[in-house]
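**Student:** Build the 3D model from these lines:
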Amino acid sequence: RIGVGAGPGPVAHTAYPREARHFPVLVRDPADRRPPRPCRPLGRRGAGGSDGPVLGEVLPIVGSSAWVARLAPLRGVEDLQLRIKGAPGRDAVVAEVRAAADACAAHGVRLWINDYWEAAVAAGGCFGVHLGQEDLCACADSGGLDAIREAGLALGVSTHSYAELAAALGVGPSYISLGPVYATSSKDVGFGPQGTDTVARWRSLIPEDVPLVVIGGIDGGERAGECRKAGAECVAVIGAVTGAEDLQGAVDTFVAAMK
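**Tutor:** Below you'll find the predicted structure:
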């Protein structure tokens, strides 16, 4: 016997959304019923059906153009993300971005700029921008999302919760990032390890044509393989590559695990 509101019906919650078509999307203007204006599209590895470039299996995150220049020539590196720490002046940031873009261009590598979207637009030569949730809000408030789209840049967005995922999907991202999958000391984001079950859940809630990038504690091939099995198309790594004695060997390990 089922009581009122306890079984399937218009007021019963039978399950949390398990598919992208049922997942809510947060938009800036609720009166605008149009789909989010997409940023530069990426192809999803193994999915087909897209004319956009396909994100590489591994996305090393580095803190300087010097590191970009070291990693760009390596076999298997198709994308690099530059995360400039501290608060250098605008001219210094633009110069660093230009140096990184030149290094990537010399080896056919796509360059992503973390947070400093204005410098990416000003410098030119970048493929995309990656924004955390706070920077995403600030960027949207200043009209930056339109500037990113008009510059032809791709956009990756960090997510750590369902609310952040709904907000990220509302801007038409090129990829979604989830983390931390495992415990990590690289960056304190205020969220505990998500685990590979969440990776699988995120993959089912993200549109099929949007790649899923995972980050956090992915220290080698075993964990990368677990993430790939759960549905991730790319692993973002920091110390697992930059801290390795054999840089090429570290990249090879991640690429092989993500096949």
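**Student:** Okay, V94 and L131: tell me how far apart.
**Tutor:** Taken as Cβ to Cβ, to the nearest Å, the spacing of V94 relative to L131 amounts to 18 Å. All C-beta atoms are positioned from the backbone trio N, CA, C, and that covers glycine.
**Student:** Equivalent analysis for A256, please.
**Tutor:** When distances are taken as Cβ to Cβ, A256 and L131 turn out to be 30 Å apart.
**Student:** Give me the distance from stretch 144-151 to the chain's centre.
**Tutor:** 17 Å (Cα atoms, centre = their mean, to the nearest Å).
**Student:** ok, and what's touching that stretch?
**Tutor:** With contacts defined as Cβ atoms under 8 Å, 6 or more residues apart in numbering, stretch 144-151 is touched by 37, 39-40, 117-118, 120-121, 129, 138-139, 155, 171.
**Student:** buried sites along it?
**Tutor:** 144-145, 147-149 (16 or more other Cβ atoms under 10 Å).
**Student:** Which pair in those has the greatest spatial separation?
**Tutor:** Using Cβ to Cβ, the two most remote members of the buried residues of stretch 144-151 are G144 and R149, lying 9.7 Å apart.
**Student:** residues in contact with stretch 96-105?
**Tutor:** Counting by Cβ under 8 Å, 6+ apart, stretch 96-105 makes contact with 64-65, 68-69, 72, 80, 82, 84, 88, 109-111, 113, 116, 119-120, 122-127, all of which sit outside it.
**Student:** can we see that at 10 Å?
**Tutor:** By Cβ atoms under 10 Å, 6 or more residues apart in numbering, the surrounding residues in contact with stretch 96-105 are 62-73, 77, 79-82, 84, 88, 109-113, 116, 118-127.
**Student:** Drop anything exposed from the residues you listed.
**Tutor:** Among the contacts of stretch 96-105, those that count as buried by neighbour count (16+ other Cβ under 10 Å) are 62-63, 65, 67-69, 71-72, 77, 79-82, 84, 109-113, 116, 118-123, 126-127.
**Student:** burial of A244, as a residue count?
**Tutor:** Per other Cβ atoms under 10 Å, the neighbour tally for A244 reads 15.
**Student:** Spit out the contact partners of it.
**Tutor:** Applying Cβ under 10 Å, 6+ apart, one finds that A244 lies in contact with 220, 237, 250-251, 253.
**Student:** 8 Å - rerun?
**Tutor:** Contacts for A244 were tallied using Cβ under 8 Å, 6+ apart; they are A250.
**Student:** Do you know the pLDDT at it?
**Tutor:** The model reports A244 with a pLDDT of 98.
**Student:** that's a helix at it, yeah?
**Tutor:** No - under DSSP: H, G, I helix; E, B strand; the rest coil, A244 sits outside any helix and is assigned coil.
**Student:** roughly how far apart are it and C39?
**Tutor:** Per Cβ to Cβ, A244 is found 32 Å from C39.
**Student:** What of I215?
**Tutor:** Between I215 and C39 the computed distance is 19 Å (Cβ to Cβ).
**Student:** Would you map the strands across the protein?
**Tutor:** Counting by DSSP state E, one finds strands in the chain at the ranges 58-62, 79-82, 110-114, 128-131, 154-159, 175-178, 212-215, 234-237.
**Student:** For the residue nearest the centre of the chain, give me its contacts.
**Tutor:** Averaging the C-alpha coordinates of the chain gives a centre point, and the residue nearest to it by Cα atoms, centre = their mean is S177 (3.6 Å). Under the criterion of Cβ under 8 Å, 6+ apart, the contact partners of S177 comprise 130, 156-159, 212-215, 236.
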